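[1] below is the sequence, then the predicted model.
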Amino acid sequence: MPAPQSPSSLPERQAPAIADRSLSAANGFLMLAVSLALLLFSLLIGIFQLALLGSAQFSLMTLGLAILGIIAFFILLNGLVVLQPNTSLVCLLFGSYSGTLKRAGFWWVNPFYTKRKVSRRLETLECGPLKVNDAVGNPIDIGAVIVWRVQDAAKAILEVESYALYVKAQSETALRRMASAHPYDQVEVLEAEKLDKEQGTSAKDTPLPAVTLRDGGDAVSESLLSELRKRMEPIGIAVDEARISHLAYSSEIAGIMLRKQAASAVVAARRLVVRGAVSIVEEALGELEKKKIGAPLCRAEGCHDLKFARGAGCRPRSHTHHQHRRPTPLREGAWISIPDTTRRAARLISGP
């Protein structure tokens, strides 16, 4: 049994054979005048022949020509078309594509053409909100606003049954694909990487993109726009803009994820406070060492304060004396007590 083909090995869609080409047309006012003249002439001849009915000057052939002239008048009228600005007219002759008329105005084309008007004005499509799973697997609701227009009228009419339905369906597909390729928030990326490390999974096998849906901004919009243009180009549709209009967690997990974000913000704030306290202590120790006031830092087991000993060596001190004694002035073998940063940092991380 042959192995299934990968997406990259699947045959690509062939380029359409139909290309939009210009169609020549005559002046509509001139052809209207010719049609009215033909109608007037045919009516006069017909009335004259009916007046001579029964006489020797009556001609059945002349009466038939007058009737054909009246029929030709109505056929010629079928070729008159009025085109508004940003409107195209796709013409087919007995099932064969003849051309596209794009010039606005009053024109006359072959009356036997099958004609269909196509608007080339900008149109707005509101896609969603759709319920999809992001790159991490969390269900989210996402919606987008897409601005598009018909660029090649012949492709839009002849390549698909309904280009408007095609645009709607492909827009939803592109939006789902883009949303499933990006995580919702950076916190989810960090937690997923941490979980991979704990489980021993290699992050290179399934790398997560650095761009998130909430903070991506223009990068997410460009990704969606690129995906839409790739899908719309074969049918002659141009996508001018695509923006995310709605983004939120699904109602099933919205409350849980909001509490999770709040907790992550609190932990991040506490870590910032701890880093600030540690940096202050490091600067103080550096200044003391630079001025050669104290000896290198001594960390005794069970000691909760950072201490310096001036002179050779350092002696651990019991925690009981540390709580009730103030630091004495510097002298040989004296201890300098610095605030218990380690214990405060642990208290900030663990919470009240």
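    Now that the structure is in, tell me what you want to look at. As the structure is a computational prediction, the values presented were derived from the model and not from experiment.
[2] burial of the residue lying closest to Leu50 once chain neighbours are set aside, as a residue count?
    Counting by Cβ to Cβ, 6 or more residues apart in numbering, Leu50 lies nearest to Leu63, which is 7.4 Å off, once chain neighbours are set aside. No exception for glycine: its C-beta is placed from N, CA and C like everyone else's. Residues near Leu63, counting by other Cβ atoms under 10 Å, number 17.
[3] which residues touch Leu63?
    Ile45, Gly46, Gln49, Leu50 (Cβ atoms under 8 Å, 6 or more residues apart in numbering).
[4] for Glu227, same thing?
    Shown in contact with Glu227 (Cβ under 8 Å, 6+ apart): Ala174, Arg177, Met178.
[5] how far away is the second one from Asp134?
    As for Arg177, its distance to Asp134 is 12 Å (criterion: Cβ to Cβ, to the nearest Å).
[6] for stretch 146-161, what is the average pLDDT?
    The pLDDT scores in stretch 146-161 average 90.
[7] likewise for stretch 40-58?
    Stretch 40-58 shows a mean pLDDT of 81.
[8] now stretch 71-89
    Stretch 71-89 shows a mean pLDDT of 92.
[9] ditto for stretch 267-274
    Stretch 267-274 comes out with an average pLDDT of 78.
[10] likewise stretch 92-111?
    The predicted model assigns stretch 92-111 a mean pLDDT of 91.
[11] ends of that stretch, how far apart?
    11 Å (Cα to Cα, to the nearest Å).
[12] these two touch, right, Asp240 and Val145?
    No: contact between Asp240 and Val145 fails when scored by Cβ atoms under 8 Å: they sit 11.4 Å apart.
[13] picking that back up, what's the helix or strand for the residue nearest to Leu50?
    Here Leu63 is covered by helix 60-77, with elements defined by DSSP states H and E.
[14] ok, back up a step: neighbour-wise, which of Arg177 and Asp134 wins?
    Asp134 (21 against 14).
[15] longest helix anywhere in the protein?
    Longest helix of the chain, by residue count under DSSP state H: helix 254-290.
[16] which elements pack onto that one?
    Counting contacts by 3 or more Cβ pairs under 8 Å, 6 or more residues apart in numbering; DSSP states H and E, helix 254-290 packs against helix 186-199, strand 237-249, strand 306-309, strand 335-338, helix 341-350.
[17] what angle do that helix and strand 237-249 make?
    Counting by axes from the mean of the first three to the mean of the last three Cα atoms, to 10 degrees, helix 254-290 points 80 degrees away from the direction of strand 237-249.
[18] where does this structure dip in pLDDT?
    1-17, 54, 186-210, 253-257, 260-261, 263-264, 292-352 (pLDDT under 70).
[19] domain parsing for it?
    Listed by automatic domain parsing, the domain ranges of the chain are 26-118, 123-252, 262-350.
[20] for Ala19, find the nearest of those.
    Ala19 lies closest to domain 123-252 among those, at 6.9 Å (Cβ to Cβ).
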